[in-house]
Structure formats: C-alpha cells, structure tokens
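*Asks:* Just need the structure, nothing else, for what follows:
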Amino acid sequence: MTDATWLSKRLANLRTSRQRTGDLGEEQALRYLESKGCQLLQRSFVCKGGEIDLIMRDGNSLVFVEVRKRATAAFGGAASSITPTKQKRMTRAAQVYLQSLSTLPACRFDAVLIEAEQISWLKNVITA
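*Replies:* This is a model prediction of the structure:
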C-alpha cells in the first residue's frame, strides 16, 4: 500500500458520518453533472471566508456548484438549507477563485439537490 493510499484511507476514517454523507453527495452530484456534459475543474475549493463544493465548466460558462444532500424534504429540504449566509460565502469564494484567472468567463451559481436519492440541478440560484 502506498503512503498516499494509506493516508487517504486514514483521513477518510477520521471524517464524521455527516462529512462522509456530504462526500458521497458531492460524488453523486459530480457524476450527474458529468453525465450532462459538464467538466470538473476543481473540487472543494476553500479559501478564507468561503468554500465551493464543485467548480465545473458547462459549455463556455464557469459554474460554481453547491451540493446539498438530505434524506428527506423535512425541515424545508435541501434547497432551503442554502441560506443567505451560505450564499455570501459562496460568492466570496468565487471572487477569490476568479482572481486567479487571466480572463473572466461567464459565470453562474448552481445547486445540485439530492433528496431521498432524487437529484435536481438548479441553475442560476444566486445572482451576484
């Protein structure tokens, strides 16, 4: 077993069940978006003040994707969990990411919602 494989398995065991559920949801969302023609640019972009689950390319557009997985639609479901505070964090993280690019592409914020194993892709969920 290589050191990298050992380390990734060790770190996976240290994650909480909630974090592992989130990881699974992000993987499901990634496979879904790729099946719709999107290309992964980066996973789990984290910066001071924000984070973005997936950064994808959809045609000529750069897409910042928030993934929400819920077992049921109780308590408002996955969509209602994207609060104004979360939207601000996503916007901040997108601004940081865009600063690293030489030219600014067309951008949008999407959400992939997974409830009871049903996947919904909502485009343009935030207007910044």
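*Asks:* I figured Cys47 hits Ala93, correct?
*Replies:* Yes: between Cys47 and Ala93 there is a contact under Cβ atoms under 8 Å: 5.4 Å. Any C-beta I mention is one placed from the backbone N, CA and C, and that applies to glycine too.
*Asks:* Those two: who's more crowded?
*Replies:* Between Cys47 and Ala93, counted using other Cβ atoms under 10 Å, Ala93 has the larger neighbour count: 20 against 15.
*Asks:* quick one, phi psi at the more buried one?
*Replies:* Main-chain torsions, Ala93, degrees, to the nearest 10: phi -60, psi -40.
*Asks:* And the pLDDT at it?
*Replies:* pLDDT, Ala93: 96.
*Asks:* check contacts around it.
*Replies:* The neighbourhood of Ala93, defined by Cβ atoms under 8 Å, 6 or more residues apart in numbering, consists of Phe45, Val46, Cys47, Gly49, Gly50, Glu51, Ile52, Phe64.
*Asks:* and of those residues, the nearest to Tyr97?
*Replies:* Ranked by distance to Tyr97 (Cβ to Cβ), the contacts of Ala93 are led by Phe45 at 5.8 Å.
*Asks:* what pairs with the closest one across the strands?
*Replies:* Phe45 forms beta bridges with Ile52, as assigned by DSSP bridges.
*Asks:* Please report how far it lies from Arg70.
*Replies:* Remark: distance between Phe45 and Arg70 (Cβ to Cβ, to the nearest Å) = 23 Å.
*Asks:* Give me the distance between the residue positioned nearest the centre of the chain and Thr103.
*Replies:* What sits nearest the mean C-alpha location of the chain, by Cα atoms, centre = their mean, is Asp53, with 2.4 Å. According to Cβ to Cβ, Asp53 and Thr103 sit 24 Å apart.
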